[in-house]
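Engineer: After the sequence you'll find the predicted model.
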Amino acid sequence: MTGPFRYTDPVPPKAATGVTAEVYAQLATDFGIKDATTFVVLSPSPPLLTGAWALLRESLLAGRASRTAKQVVAAGVSLANRCPFCVDAHTVLLHATGDHHLAEVVARGEVPADPGHAALLAWAKATRTGDAGEPPVPAAHAPEFIGTALAFHFINRIVSSLLTENMLPGNAQRYRLVRSLAGRSLSRTVRRRLTPGASLGLLETSGPEPAWAAGSPAGTAYAGLREAARLGGGLLSDEDQAYVRDAVAASGGAHPQLTGDWLPGREERPGARLALLAAVAPYRITDEDVAAWRGPQHTDHCLVHLIAYGAITATEHIEAALTAHREPA
């Protein structure tokens, strides 16, 4: 495939089989976007594809909380992570909810007039640096909002690493009319009530569910994604894995400077460099960074797993900060 994919040749929907085809079919029905590149890019690894889709579906799309409110969180996380593709996508999806003014306010980086939306946007942005605390929502809805935030901390990093910035051909989403029309085309799908848990049967990995999920489907999905993404650590030595974890913790969620000793060289530790960039500054990954690690021995499957390892390392660090104040289950 060509188009938005920077370093991989994913499985196109028309050629997909098995669980990949099942995910694509559920995407088309429940998300309303048949060829969503955010997920297609993960198709070289079905466990990553199923985990990422399940987490997005069970936190953002399904559940009892307001879809508009959760879209504000998705947009806020994407703004904090400097992911223009995802900011544009969630502007369109906010248009799809029918709140066109809110969509454009968020897209401009302004504060929504509604106090609830303003608080959620601020909370979502603060999750990157670990300063967010409990989401400003009823306790029963907290798993959906935490799950949504964690989903997009992971997805933003995948997108910024492996896709171009243009959500639509020719960067057409930069026009307000295009954003509004694209959103209107998805309005019926966005307003549907989905059955929680319908994606969980697709998961190919599993693990212990997080306490914050309180038994919700979002927790099962997060556990599946976490286990699949951790597999990418096997592409690094134990020393390099520790290096990446320590550097992510030391970053404090800040966007690093272009210079400094925080990033290892391409020649000495190319895998650690690529995983660390995916974790803290995926928008700075270059062709040279990928080529220095990849060589002839690493496939698309390897590349998406290494990027996912960096992404989940950062996401787990954010998760720990978000839930540090909670009582153990």
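Structural biologist: Received, thanks. Numbering: from 1, shown residues only.
Engineer: domain assignment for the protein?
Structural biologist: 13-229, 232-323 (automatic domain parsing).
Engineer: any idea of the mean pLDDT in the last one?
Structural biologist: To tie it back to what came earlier, the one meant is domain 232-323. What domain 232-323 shows for mean pLDDT is 95.
Engineer: what about that domain, how long is it end to end?
Structural biologist: End-to-end distance for domain 232-323, by C-alpha to C-alpha, to the nearest Å: 25 Å.
Engineer: Start at 819, not 1
Structural biologist: All set: I'll call the first residue 819, so the last point we hit is now domain 1050-1141.
Engineer: how distant is it from the center of its chain?
Structural biologist: Its chain's C-alpha centre and that of domain 1050-1141 lie 16 Å apart, by C-alpha atoms, centre = their mean, to the nearest Å.
Engineer: So which of the domains of the chain is nearest Arg824?
Structural biologist: Arg824 lies closest to domain 831-1047 among these, at 5.6 Å (C-beta to C-beta). Glycine gets a C-beta too; all of them are placed from N, C-alpha and C.
Engineer: Next, the distance between the ends of the closest one.
Structural biologist: 22 Å.
Engineer: so Leu938 touches Ala887, yeah?
Structural biologist: Yes. With contacts counted by C-beta atoms under 8 Å, Leu938 reaches Ala887, the gap being 5.7 Å.
Engineer: that older thread, point out the most buried one among the domains of the chain.
Structural biologist: For these, the largest average neighbour count (mean count of other C-beta atoms under 10 Å) is found in domain 831-1047, namely a mean of 21.
Engineer: How about the secondary structure of His971?
Structural biologist: helix (DSSP: H, G, I helix; E, B strand; the rest coil).
Engineer: excluding its backbone neighbours, what's nearest it?
Structural biologist: Spatially, and ignoring its direct neighbours in sequence, His971 is nearest to Thr1133 (4.6 Å; C-beta to C-beta, 6 or more residues apart in numbering).
Engineer: Surely the one you found and Asn974 touch.
Structural biologist: No. The pair Thr1133 and Asn974 fails to qualify as a contact (C-beta under 8 Å) at a distance of 9.6 Å.
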